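Participant: Below is the sequence, then the predicted model.
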Amino acid sequence: MPGASETRVESRSDAWQSAENDRELTQLEELGHIRKWAKVLRNQQRCCGFEYVACAGQAAAVRSAERALQVATDRYRAGAVSYLEVVTAQSTALANERTAADISRRQLEASVRLIKAVGGQWTGGTG
C-alpha cells in the first residue's frame, strides 16, 4: 500500500504528463493552422524568391498604378484632364499598396506562428 508521499509523487507525475500531452496537442494544432495559412498564402501569390516580399503580381500592380498616377498628374498639369482623373489614380495606387502591405503582414504573421509552433519564443521587441 503506497504512502502519502508516493501518492503525491504519482499525482504530480500524472499532472505533469497531462500538461505535457496538452502542450504537444496545442503544438500539433498550431502546425495544422500554419499549414493552412501557408497554403492560403501560396494560393494567393506566385511569389518571387524573397520570403517577405509581396507577390510579384501585386508588386507589378503597384508599379503600374504608380505609373498611371504619374501619367494622370502630368496630363492634369498640361490641362488635358480634370483633377478627378488624378484622384482616381491615387485611389487605385493606394488600394494596390494596401493589398501588398496586407500580403506582407500575413506572411510575417505566418512566420511568427511557425516559430511559436516549433517551440521558439517571440518577444515582439523592436530590435
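Facilitator: Arrived safely.

Participant: By mean pLDDT, point me to the weakest helix or strand of this structure.
Facilitator: None of the helices or strands of the chain scores lower by mean pLDDT, DSSP states H and E than helix 4-44, at a mean of 70.

Participant: immediately after that one, which helix or strand?
Facilitator: helix 56-77 (DSSP states H and E).

Participant: who are the neighbours of that next one, in terms of helices and strands?
Facilitator: On a contact count with 3 or more CB pairs under 8 Å, 6 or more residues apart in numbering; DSSP states H and E, helix 56-77 meets helix 83-117. For every residue, glycine as well, the C-beta is placed using N, CA and C.

Participant: Now the helix it packs on: buried residues?
Facilitator: Going by neighbour count (16 or more other CB atoms under 10 Å), the buried part of helix 83-117 is 85-86, 89, 92-93, 96-97, 99-100, 103, 106-107, 110-111, 113-114, 117.

Participant: And stretch 74-83, by the same measure?
Facilitator: Across stretch 74-83, burial judged by 16+ other CB under 10 Å covers 76, 81.

Participant: Now the terminal residues of that stretch, how far apart.
Facilitator: Stretch 74-83 has an end-to-end distance of 11 Å (CA to CA, to the nearest Å).

Participant: quick one: contacts of it?
Facilitator: 72, 85-86 (CB atoms under 8 Å, 6 or more residues apart in numbering).

Participant: With distance to Ser11 and pLDDT as extra columns, can I get these in TSV?
Facilitator: Formatted as TSV, the contacts of stretch 74-83 follow (distance: CB to CB, whole Å; pLDDT from 0 to 100):
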residue	distance to Ser11	pLDDT
Ala72	74	95
Glu85	75	94
Val86	73	94
